[in-house]
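>>> Sequence first, predicted coordinates after that:
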Amino acid sequence: MLQISYIRENKEQVITALAKKHMDAKQIVEDVIQLDENRRSAQVALDNTLAEANKLSSAIGEMMKNGEKAKADILKLKTAQLKETSKELSEKSDSFAAELLQKMYLLPNLPAEIVPEGKTPEENLNVFQAGEIPVLHEGSQPHWELVKKYDIIDFELGVKIAGAGFPVYKGKGAKLQRALISYFLDKNTEAGYEEVQVPHLVNEASGYGTGQLPDKEGQMYHVGIDDLYLIPTAEVPVTNLFRDVILQENELPILCTGYTPCFRREAGSYGAHVRGLNRLHQFDKVEIVRVEHPDKSYEALDGMVEHVKSILDELKLPYRILRLCGGDMSFASALTYDFEVFSTAQDRWLEISSVSNFETFQANRLKLRFKGKDGKTQLAHTLNGSSLALPRVLAGILENYQTPEGIVIPEVLRKYTGFDIIN
């Protein structure tokens, strides 16, 4: 959530910045400023009314001491009237504050200056590319055919149990999945991230805290009877560990990593590009989350990008890094880098990670602050990244490592799998 003081003082800059995310924010910004003025006016009137009531209460006490009961009774009537007025003003102030908050929730984060202009994924900026695209043997297949051939993932069984988008991993497929999770977690903890295990359901406050609500409510599975949401990513519960927390500056940075299953409705997703593992309702992901000093968050973002690069280099997968344009960024992000692996069998790039800096946007919702060396309290910066999302990494391995003899396991994973080929 943007800070109301910044919106008040930089109205035109906010409107211009959000236009880069292809949002016409003029009316909402004007509504926000007006509601804030109404709330502040009501609060000032309330404060003045309460101050007058307190002043009269003191005077009544003195009159009672001096035996001036008649005068005191007159002031008591006036005090009662002031209390009624203060109640009305308090309700009015709370009403303006609630309406203001709902309007504020509709405003996305401002994109950083280096975010490129653009509306579609085709306008994202390719900033890095590495790895050789393998030349596959004749008769090579996409992963949805390979998993049938080697009986390692069963999509039809998942349909029987739950529905489309809920695959069943079997045998060496399940072991490879578990190997990737362990490998990602080990790489992250070796880099200084503390591993955490978190709930897979969150309450509404947690969804609002990281910006999934109300923006992505239609994409989240909701357990109505308990008013809980299945997590779309570990970012939500991990970042909410620090909701309503005031840290000391010397506690920064905080680095966390966690593995969770993730659940997304993916409404409206269909077609050949979402076949197999390309788009699922349930998938596994290892996440990294950082809480940073504002002066160091972009240095931290660069470090996260380098960390994900090191993992893909070890897996020896061809990949590229895109700086997302304004129109392709998430609601909460100020700057995002997407990682994509090249699927040789599908002849296209598959997104496997997003690494983002949210600056103070999430922290403002979370009330995540730190006390500086000067004793002043300010909002922290939050960052997160996939490290990594498993389905498309797995698809990339299956397709790019296929040979006529079987699917070769990347060398770095063999100590986790216990085998070096799927055949």
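Great, that's in hand.

>>> Stretch 333-340 - what's its average pLDDT?
Mean pLDDT, computed over stretch 333-340, is 98.

>>> how close does A53 get to K92?
17 Å (C-beta to C-beta, to the nearest Å). For the C-beta atoms, the positions are set from N, CA and C on the backbone; glycine is no exception.

>>> Now the one helix or strand K71 maps to: average pLDDT?
In the assignment (DSSP states H and E), K71 maps to helix 69-104. On average, the pLDDT along helix 69-104 is 88.

>>> Next, the residue lying closest to V245 once chain neighbours are set aside: phi, psi?
Counting by C-beta to C-beta, 6 or more residues apart in numbering, V245 lies nearest to L368, which is 5.8 Å off, once chain neighbours are set aside. Note on L368: its backbone torsions stand at phi -100, psi 110 [degrees, to the nearest 10].

>>> Let me see the contact set for L368.
F242, R243, D244, V245, L247, V291, Q362, L379, A380, T382 (C-beta atoms under 8 Å, 6 or more residues apart in numbering).

>>> swap in N203?
Counted by C-beta under 8 Å, 6+ apart, N203 has contacts D227, L228, Y229.

>>> for it, which residues make a bridge with it?
N203 forms beta bridges with L228, as assigned by DSSP bridges.

>>> and the gap between it and V245?
To V245, N203 is 17 Å away according to C-beta to C-beta.

>>> Regarding stretch 94-114, how distant is the last residue from the first?
End-to-end distance for stretch 94-114, by C-alpha to C-alpha, to the nearest Å: 38 Å.

>>> where's stretch 345-353 relative to the chain centroid, distance-wise?
23 Å (C-alpha atoms, centre = their mean, to the nearest Å).

>>> Buried ones in that stretch, by neighbour count?
In terms of neighbour count (16 or more other C-beta atoms under 10 Å), stretch 345-353 has its buried residues at A345, Q346, W349, L350, I352, S353.

>>> three-state assignment of the fifth one?
With DSSP: H, G, I helix; E, B strand; the rest coil as the basis, the three-state label of I352 is strand.

>>> can you check the one 4 residues further on too?
Secondary structure, three-state DSSP: S356 is strand.

>>> So it sits against T382, correct?
No. At 9.1 Å, S356 does not count as touching T382 under the criterion of C-beta atoms under 8 Å.

>>> quick one: what helix or strand has Q141 in it?
Per DSSP H and E, there is no helix or strand for Q141.

>>> give me every residue that touches it.
K149, A345, E399, Q402.

>>> Run through the neighbouring helices and strands of the lengthiest helix in the chain.
In terms of residue count, the longest helix belonging to the chain (DSSP state H) is helix 26-65. The contact analysis (3 or more C-beta pairs under 8 Å, 6 or more residues apart in numbering; DSSP states H and E) places helix 26-65 against helix 4-9, helix 11-19, helix 69-104.

>>> And the helices in the chain, which stretches?
Using DSSP H, helices in the chain cover 4-9, 11-19, 26-65, 69-104, 143-150, 155-161, 171-190, 204-210, 235-239, 297-315, 361-366, 390-400, 414-417.

>>> Any chance of those in a markdown table with mean neighbour count and distance to M329 as columns?
Formatted as a markdown table, these follow (neighbours: other C-beta atoms under 10 Å; distance: least, C-beta to C-beta, whole Å):
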| stretch | mean neighbour count | distance to M329 |
| --- | --- | --- |
| helix 4-9 | 14 | 19 |
| helix 11-19 | 16 | 11 |
| helix 26-65 | 15 | 18 |
| helix 69-104 | 15 | 19 |
| helix 143-150 | 19 | 29 |
| helix 155-161 | 14 | 31 |
| helix 171-190 | 18 | 24 |
| helix 204-210 | 21 | 15 |
| helix 235-239 | 26 | 15 |
| helix 297-315 | 18 | 14 |
| helix 361-366 | 26 | 12 |
| helix 390-400 | 26 | 20 |
| helix 414-417 | 15 | 34 |
